[in-house]
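3D, please:
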Amino acid sequence: MTDVIEAGLTGARVPAALASLLSAWLERDGALAGIKDAASGRYEYANAALLGFLGREADAVIGHTDAELFDAPIVGALRAADQSALLHGAPFSSEHRIERGGQRHDFSVLRVVDEQDGRRLIASLWIDLAPERHQQAQLATALAQIEQLQKAAESLRRELADQALRDPASGLYTRAHFEDQLRREVDLSTREHREFSIVFIELDPLSEQVRALGEDARKRILEALGRLLRSGTRAMDASCRLDDRRFAVLLSGVGLATAHSRIESIRRQCAAQVVVLDGQEMSFTVAMGIASFPHTAHTRDELLTACETALIEARRRGGNHVTLAAIPFEPR
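You can find the predicted model right below:
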């Protein structure tokens, strides 16, 4: 190639094709450019940005090699990239991390090999990736914040929707939610031939001491009962407040014997629970009736009736008692 231009900084003769490539990239802020002899590895051209990065004057760069300009750890990588560019015979891109002045720099380096007067030259353009990666990091941070806000908004939406279904005094679900869950469970159990149980719970009459403390004492007991029912049941179950004194638990996929074991445990916890108000200790007990589908009943209405009958029996026995609904005898 005979067409050349003069590189004003050093006086080196630069092939026109390489100069065109360099001029296009040098318009970018911070782009470093250099040309070196492929055989000796000595620089014949370095733009102002490259000199500034190296912290040297032109005469301390031109005529010198990478081994004289860079720290030892990066020299081998630069030499290997130069050799790859020579072998490819086409524009070759590589990335290099360089520690300089206590700072880390990541560069994308484009190398182009050309010939001039029988000599092979390697022209390189160094683009600092820090601004791009900083923007990428900012974008990733912004996207992460947006995702967190979306999750928080969704969590708040679910929480508000859940609160709308809960009784504020006990923290348990409302009667409407219990009725909805019961319909679903009956349909599911009918299709899949599996059992489930329901429990009716009623507060036993409170002591004169508790009644004397008024509505605050009653609220405190309702809170305690709600906590015990929530902690003693699973997420798939439904613990609800039906009315002023009546509560219900739907135990999904649980038979009569297992339901009795779990509910008996909750009954004992209620009897042992100590509730404190204004320095005074209070206690409470509950009566419980259990029925299961389909063993004690084959329809929703029959199930509710059987559970109500079991609760009445528990109350007749003085409360603080768990009663199982009778399993009807069906002759063959």
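
What's the separation between Ala85 and Ile122?
Per C-beta to C-beta, to the nearest Å, Ala85 is found 6 Å from Ile122. C-beta coordinates here come from the backbone N, C-alpha and C atoms, glycine included.

Now the common contact residues for the two.
Arg111, Val112, Val113 (C-beta atoms under 8 Å, 6 or more residues apart in numbering).

got the residue ranges for the strands in the chain?
Ranges of strands in the chain, per DSSP state E, are 4-6, 13-15, 32-37, 43-46, 92-100, 103-116, 119-128, 196-203, 238-241, 246-251, 275-277, 280-282, 286-293, 322-324.

Let's have those strands in JSON lines, adding mean neighbour count.
Below are the strands of the chain laid out as JSON lines (neighbours: other C-beta atoms under 10 Å):
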{"stretch": "strand 4-6", "mean neighbour count": "13"}
{"stretch": "strand 13-15", "mean neighbour count": "19"}
{"stretch": "strand 32-37", "mean neighbour count": "23"}
{"stretch": "strand 43-46", "mean neighbour count": "25"}
{"stretch": "strand 92-100", "mean neighbour count": "15"}
{"stretch": "strand 103-116", "mean neighbour count": "16"}
{"stretch": "strand 119-128", "mean neighbour count": "20"}
{"stretch": "strand 196-203", "mean neighbour count": "25"}
{"stretch": "strand 238-241", "mean neighbour count": "25"}
{"stretch": "strand 246-251", "mean neighbour count": "23"}
{"stretch": "strand 275-277", "mean neighbour count": "14"}
{"stretch": "strand 280-282", "mean neighbour count": "13"}
{"stretch": "strand 286-293", "mean neighbour count": "26"}
{"stretch": "strand 322-324", "mean neighbour count": "23"}
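
Can you tell me which of the ones you listed is nearest to Glu313?
Proximity to Glu313 (C-beta to C-beta) singles out strand 322-324 among the strands of the chain, at 4.5 Å.

Each with direction, which strands does the closest one pair with?
Neighbouring strands of strand 322-324 in its sheet, by DSSP bridges, are strand 286-293 (parallel).

Check the average confidence over the partner strand, would you?
Across strand 286-293, pLDDT averages out at 95.

Use 53 as the first number from now on
Got it, the first residue is 53 from now on, which makes the last one we talked about strand 338-345.

From the rest of the structure, what touches stretch 133-151?
Residues lying outside stretch 133-151 but in contact with it, judged by C-beta under 8 Å, 6+ apart, are 88, 90, 93, 122-123, 126, 129-130, 156-165, 172, 174, 181.

swap the cut-off to 10 Å and go again
73, 88, 90, 93, 105, 118, 122-123, 125-126, 129-130, 132, 156-165, 172, 174-179, 181 (C-beta atoms under 10 Å, 6 or more residues apart in numbering).

and stretch 149-157, C-alpha only, in CSV?
Extracted in CSV, the C-alpha atoms of stretch 149-157 (Å, rounded to 0.1, in the frame of the first residue of the first chain):
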residue,chain,number,x,y,z
ARG,A,149,-8.1,-5.2,32.4
ILE,A,150,-5.3,-2.8,33.5
GLU,A,151,-4.5,-1.5,37.0
ARG,A,152,-3.1,1.9,36.8
GLY,A,153,-2.8,4.7,39.4
GLY,A,154,-4.7,2.6,41.9
GLN,A,155,-7.7,2.3,39.5
ARG,A,156,-8.9,-0.6,37.4
HIS,A,157,-9.6,0.0,33.8
